[in-house]
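Colleague: task: produce atomic coordinates for the following.
(one chain, ligands or ions: 1)
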Amino acid sequence: MKDSVNRENVKTRAADTVRSARDSATGKLFRRFKSKSVEADRSFDGSALINVCGVNHFFGTGDARKQVLYDNNLQVQPGEIVIMTGQSGSGKTTLLTLIGTIRRIQEGQIHILGQPLRDARTAEINSIRKRLGFIFQAHNLFGSLTALQNVRMALELQPDRLPRSEQNRLCEEMLVAVGLGERIHYKPRSLSGGQKQRVAVARGLVHRPEILLADEPTAALDKDSVRQVVELFQKEARERGTAIVIVTHDNRILDVADRIVKMDFGNIAQDTNLDEAALLGKMLHRCDLFSLVSVSTLTTIARKMKREEHAPGDRIVTYGDVGDRFYLIREGEVVVRRPPLPSDPASRSSKEFTEVARLTEGDFFGETALLTGDTRNAHVDAVTDTVTYSLDAATFNEVKAGQKSLEEEVRSSVFSE
Ligand SMILES: Nc1ncnc2c1ncn2[C@@H]1O[C@H](COP(=O)(O)OP(=O)(O)OP(=O)(O)O)[C@@H](O)[C@H]1O
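Modeller: Here you go, the predicted model:
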């Protein structure tokens, strides 16, 4: 089957892309690229620090009762930074406060640090809360306390309280990290809005929480302070495995995100793993089939691709079936087998399918049937544990329609076989 165009070139270039993406990930101690999908899996995940399953929420009672969250599912792994965005009123803060144990769960379940919140006792909620860090829009600083004393409040609430001198050292260190080394003894009334916000950031992080929840943490900050805060978040995530969820409209901090979750009318409408989407976009771009489509469009298309895992021996494509998907190999190896050609007298009697190709990471298959309307012309079976991303025929054809030369190219490639 010549179901792939310029396979060797594609293989080499795509494999390079994958390698470089992996290399850049190796420094990220807590990142887990291999098992992530572009669109997050909606099921419970035991390794996640935050597990939101089927959460609904209502405000008001009687006739005034109004549903504001609908069937929300979200998992956040150690070391992941998730940006939550969406229109005003879409439910971001409500979901964040449910995750932060500030509101009681009404329907569904949230596990935080492995513990279920619904029906948890107050003492259990309090002990979970001490392991979280909060940076909320209203800074909630105590006016009579200095910046350092405000930050120290977070340490004083900890079960294993450190000696005062050690607390002060940690607070100073954190205030320096947010660029307030010169202001540690100032009270809130002597600080600007941005400086107060940075005190709140220091307070949210000083006790080294396992999960940090932040609502618009950079809204009042200038460009340099935004960078300082963002770098601090990244350091905590990478070095300590802190899971960070940031509700924000601030597009200056999008680069910090591993994932962007978009809420729409009370529901997580999109949950995109950016590294994986960008990587798949690049892999697609390196397929000659899609070389005329911009990387940004391909990254968007990549989000629509369906991730599937196949065990060795699993059949991915069956000879004679109607072709309804195009496949890209993310990991693993497949073998392509064809029946004997009717015109080949030597093999006419043989019922055996013969191997015609082995495809690996970055290779693709399944496009011929979509382009010609013919049935599948080969079996494709997984040889090793294999991960594929596939695109449905409608999206494939939409993309194809956008590039005039594509169909011609593939038709001539099929014709010349
Ligand atoms: N305490 C409350 N009582 C009643 N309704 C509420 C309450 N808090 C929020 N809501 C409503 O719930 C919906 C979701 O609000 P929420 O604050 O979670 O949205 P959001 O996406 O965070 O908005 P924003 O970006 O403006 O902060 C809105 O319709 C809001 O009016």
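Colleague: which residues of this protein lie near the ligand?
Modeller: The chain has residues Phe59, Gly60, Val68, Gly86, Ser88, Gly89, Ser90, Gly91, Lys92, Thr93, Thr94 near the ligand, with proximity defined as C-beta under 6 Å from any ligand atom. To be clear about C-beta, it is placed using only N, CA and C from the backbone, and glycine gets the same treatment.
Colleague: farthest-apart pair in those residues, please.
Modeller: Gly60 and Gly86 (21.3 Å; C-beta to C-beta).
Colleague: in terms of neighbours, single out the busier of the two.
Modeller: Gly86 (21 against 10; other C-beta atoms under 10 Å).
Colleague: name the element the residue nearest to the more buried one when sequence neighbours are not counted belongs to?
Modeller: Once flanking residues are discounted, Gly86 sits nearest to Met263: 3.4 Å by C-beta to C-beta, 6 or more residues apart in numbering. Using DSSP states H and E, Met263 falls within strand 259-264.
Colleague: with just CA atoms, put that strand into CSV.
Modeller: C-alpha atoms of strand 259-264 as CSV (Å, rounded to 0.1, in the frame of the first residue of the first chain):
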residue,chain,number,x,y,z
ARG,A,259,-3.1,23.1,29.3
ILE,A,260,-5.8,25.6,28.6
VAL,A,261,-9.2,24.8,29.9
LYS,A,262,-12.1,26.9,28.4
MET,A,263,-15.4,27.2,30.2
ASP,A,264,-18.5,28.0,28.4
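Colleague: next one: the next helix or strand after that strand to chain centre, how far?
Modeller: In the C-terminal direction, the helix or strand that comes right after strand 259-264 (DSSP H and E) is strand 267-273. Distance of strand 267-273 from its chain centroid, counting by C-alpha atoms, centre = their mean, to the nearest Å, is 9 Å.
Colleague: beta partners for the residue positioned nearest the centre of the chain?
Modeller: In the chain, the residue lying closest to the centroid (C-alpha atoms, centre = their mean) is Asn273, at 2.5 Å. On DSSP bridges, the residues paired with Asn273 through beta bridges are Arg259.
Colleague: do the same with Gln75
Modeller: Taking DSSP bridges as the rule, Gln75 bridges to Asn51.
Colleague: quick one: it and Ile99 touch, right?
Modeller: No. Using C-beta atoms under 8 Å, Gln75 makes no contact with Ile99, being 11.4 Å away.
Colleague: just the residues of the chain next to the ligand: which are in helices?
Modeller: Using DSSP state H, the members of those that fall in helices are Lys92, Thr93, Thr94.
Colleague: what's the burial count for the residue nearest to Gly86?
Modeller: 23.
Colleague: show me the shaky parts of the protein.
Modeller: Scanning the chain for pLDDT under 70 picks out the ranges 1-44, 137-139, 295, 342-351, 402-417.
Colleague: quick one, domains of it?
Modeller: 7-21+305-343+353-415, 50-275 (automatic domain parsing).
Colleague: so which of the ones you listed is nearest Ser291?
Modeller: Minimum separation from Ser291 across the domains of the chain (C-beta to C-beta) falls at domain 7-21+305-343+353-415, 8.4 Å.
Colleague: off-centre distance for that closest one?
Modeller: Its chain's average C-alpha position is 25 Å from that of domain 7-21+305-343+353-415, according to C-alpha atoms, centre = their mean.
Colleague: how about stretch 74-90?
Modeller: Distance of stretch 74-90 from the chain centroid (C-alpha atoms, centre = their mean) equals 9 Å.
Colleague: buried residues in that stretch?
Modeller: 74-86, 90 (16 or more other C-beta atoms under 10 Å).
Colleague: just the closest of the residues you listed to the ligand, please.
Modeller: Set against the ligand, the nearest of those by C-beta to the nearest ligand atom is Ser90 (4.2 Å).
Colleague: what about the closest one, distance to Ala219?
Modeller: If you measure Ser90 against Ala219 using C-beta to C-beta, to the nearest Å, the figure is 17 Å.
Colleague: quick revisit: joint contacts of Gln75 and Ile99?
Modeller: Any residue near both Gln75 and Ile99 by C-beta atoms under 8 Å, 6 or more residues apart in numbering counts here, and that gives Ile50, Val52.
Colleague: tell me which residues touch Arg315, please.
Modeller: With contacts defined as C-beta under 8 Å, 6+ apart, Arg315 is in contact with His379, Val380, Asp381.
Colleague: re earlier: for the residue nearest to Gly86, give the beta-bridge partners.
Modeller: Beta-bridge partners for Met263, by DSSP bridges, are Gly86, Ile268.
Colleague: next up, the contacts around it.
Modeller: By C-beta under 8 Å, 6+ apart, Met263 lies in contact with Met84, Thr85, Gly86, Gln87, Ser90, Gly91, Lys92, Leu95, Ala269.
Colleague: now with 6 Å, please.
Modeller: Counting by C-beta atoms under 6 Å, 6 or more residues apart in numbering, Met263 makes contact with Gly86, Ser90, Gly91, Lys92.
Colleague: nearest to Ala357 among those residues?
Modeller: For the contacts of Met263, the minimum distance to Ala357 (C-beta to C-beta) is 44.6 Å, reached by Gly86.
Colleague: that closest one: what's it in contact with?
Modeller: Gly86 neighbours (C-beta under 6 Å, 6+ apart): Lys92, Lys262, Met263, Asp264.
Colleague: restricted to buried residues, select the residues you listed in PyMOL.
Modeller: The PyMOL command for the buried members of the contacts of Gly86 (criterion: 16+ other C-beta under 10 Å) is given here:
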select buried, resi 92+262+263
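Colleague: in CSV, list the contacts of Gly86 along with distance to Gly179.
Modeller: As requested, those are exported to CSV (distance: C-beta to C-beta, whole Å):
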residue, distance to Gly179
Lys92, 27
Lys262, 31
Met263, 31
Asp264, 35
